[in-house]
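Predicted structure and sequence below. I'll ask about it afterward.
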Amino acid sequence: MRRKNPGDILWNVFSYSALALLACACLYPFIWVASASLSSPEEVISGRVVLWPRDFTLMTYQYVVGFGQLWVSYANTLFYVTVGTTLNVVLTMITAYPLSRTWFKARRVLTGFIVFTMLFSGGMIPTFLVVRSLGLLNTRWAMILPLAIGVWEVIMARAYLTANVPDELVEAAEIDGASDMQTFLRIVVPICGPIIAVITLFYAVWHWNDYITALIYLTDQSLYPLQVVLRNITTSGTAAMRMTTGATITERGLLGYTLKYAVIVMGTIPIMLVYPFVQQYFVKGTLLGSLKG
Amino acid sequence: MVLPAIAYYILFAYTPMAGLVIAFKRFNAYVGIWQSPWVGFLHFQRFFESIYFTRLVRNTFLLNLYNMAVGFPAPIILALMLNEIRCAWFKRIVQTITYLPYFVSTVVIAGIIINFLSPTGGVVNYLIQSAGGEPIEFLTLPQWFRHIYVWTDVWQYVGWGSIIYLAALTGIDPTLYESAEIDGAGRLAKMRYISIPGILPTVMVVLLLSLGNMLSVGFEKVYLLYNPNTYATADVISTYVYRTGLQGGQYDFGAAVGFFNSVVNLILLSTFNWVARRLGQESLW
């Protein structure tokens, strides 16, 4: 056992407190926002809300919940997340699979082809023009297709496949008479449970948080995802006004201060709830991708 | 089997690259890209000579430099510190909590920042006023932008960034530490001679990737935090492209600026990769 000398103890004190401080700093803003959303507007404006709710009230949430557009955008986001992620995962897997087979002749070229796009791209405007010329502007598909395959995810999937699905396995299946597709579906996919979980999570979180794509390609309000509505409410007073059409004038002015926080909570809760359970998958995935990629 | 993927990449990655040709033309929406007249480097010239050029390049570069100077060592330090922690549950809790901000959307983060720093009702100004000071309008004063941007970036990414270094640290042979212990090395000495050299390859790769992106500051966060008052320090190349090119409808000019950006990035990345190769370190290709 190590003898504790003064240097050690000093280090431990420093280390543990610095880390605890960091953890608190990471948590505090979220706790504050939640508290502010549950406090009365007067308390929030005066700034007296420092950590816990003051003058607890659910009034703010009443208005948030009653705000139609919020739910529309929630539904939109859910659509983009589910449909988008499914497409993402399917495409990623069928891209990564051939790239992991050592006998695939075009392997190097294609990998280079794909990785190159990480280093150089046409940029915002040419991509926008392509989307426009495909007639996708202002459609749901604009939120899904332009980002259908993420290079990083393909790399992660390929690393996993190379390590876990040896060529011999595939050959054995072929000898038994299975076609490409059958081999893929019946044998490869079941083995890939973990990596599929990981990339699903990566894509899902990405879609949930996506704001830029909507900003660039969508103008129809009914298609807006949650993040856009969030943005509008947290930065514009008029958006808050629209939310509170049932209240008195003074109330509306006051509510403007707390509505933002309530909406932020609404936008972040799903991630927060899911996060503790899936955190380990994210970590594993990143390691897979970066150490081997 | 790979067909859909190829189709995708051709469509969304390479066609836009071809579309870059618009940067060399005076775009006429009625005849389309290919029929529009060729103007060579006109747009590039315009960009280089514009009064904004120096400001944009400077802002993009400085923001990135600052971000790297602070944001690059931070996860490494965190990883080194976490590695020393013996108490398993403390370590896990800290890790879980520090990874959290990474998953929250930029929109929410910006929303939190804007409201925290607000001169009316923002927590930070409340604390300043309680201490007897005057409220500071953080988000409309150009001099604050970079600090706000960088330090909130550190806050958001330090946890997540430490993952890769922690992984590298666990890959170091424990017997090295043991023999160092026997030789009488203290904690800091062990870090200096074992831990840090042990993760150096990882550090180099991450460094390369970050350096290569020097001239491409993320669009989203700047866009969400800036406003006309802070353009002097906040406007970066990508936001300028968005404003003039997309919003302003000057597709040809915007494409030219974006192209400049991408090319410079590629050159930077290649240069640093070459340098790393020459120094015998890990490189990207």
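Arrived safely.

who touches residue 103 in this structure?
Because you didn't say which chain, this covers chain A. Contacts for residue A:103 (Cβ atoms under 8 Å, 6 or more residues apart in numbering or on different chains) come out as residue A:167. (C-beta placed from N, C-alpha, C; glycine too.)

was after chain B, sorry
A:205, A:209, A:271, A:275.

And these, which is closest to residue A:56?
residue A:271 (24.6 Å; Cβ to Cβ).

Surely that closest one is in contact with residue A:205?
Yes - the pair residue A:271 / residue A:205 is scored as a contact, 6.9 Å apart, by Cβ atoms under 8 Å.

Tell me which of these two has more neighbours.
residue A:205 (21 against 18; other Cβ atoms under 10 Å in any protein chain shown).

Grab the nearest non-local neighbour of that one.
residue B:103 (5.9 Å; Cβ to Cβ, 6 or more residues apart in numbering or on different chains).

repeat for residue B:119
residue B:135 (4.5 Å).

Then residue B:240?
With Cβ to Cβ, 6+ apart, the residue lying closest to residue B:240 is residue B:56, at 5.4 Å.

If you count neighbours, what's buried in the helix or strand where that neighbour lies?
Secondary structure from DSSP states H and E places residue B:56 in helix B:52-71. Buried residues in helix B:52-71, counted by 16 or more other Cβ atoms under 10 Å in any protein chain shown: B:53, B:55-57, B:59-60, B:63-64, B:66-68, B:71.

Likewise for stretch B:243-256?
Quick answer for stretch B:243-256 (16+ other Cβ under 10 Å): B:244-246, B:250-256.

And that stretch, end to end?
One end of stretch B:243-256 sits 14 Å from the other (Cα to Cα, to the nearest Å).

Do me a favour and average the pLDDT over it.
Taken as a whole, stretch B:243-256 has an average pLDDT of 80.

residues in the stretch 151-285 of chain B within reach of chain A, list them.
B:155, B:158-160, B:163-164, B:167-168, B:186-187, B:202, B:205, B:212, B:219-220, B:223-224, B:238, B:241-242, B:245-246, B:251, B:254-255, B:258-259, B:261-263, B:265-266, B:269 (Cβ under 8 Å from any Cβ of the partner chain).

List the contacts of the nearest residue to residue B:223 once chain neighbours are set aside.
Sequence neighbours aside, residue B:239 is the residue nearest to residue B:223 in space, at 5.4 Å (criterion: Cβ to Cβ, 6+ apart). Applying Cβ under 8 Å, 6+ apart to residue B:239 gives the contacts B:219, B:222-223, B:226.

Which one of the residues you listed is nearest to chain A?
residue B:219 (6.6 Å; Cβ to the nearest Cβ).

For that closest one, which residues are in contact?
A:124, A:212, B:236, B:238-239, B:242.

farthest-separated two in those?
A:212 and B:236 (14.4 Å).

Those two: who's more crowded?
Relative neighbour count places residue B:236 above the other of residue A:212 and residue B:236, with 29 against 19, counting by other Cβ under 10 Å.

Report how many residues lie close to residue B:94.
23.

tell me which element it is part of?
helix B:88-103.

what does residue A:199 give?
Counting by DSSP H and E, residue A:199 is found in helix A:193-209.

relative to helix B:88-103, how tilted is that helix?
50 degrees (axes from the mean of the first three to the mean of the last three Cα atoms, to 10 degrees).

Alright, I will stop here.
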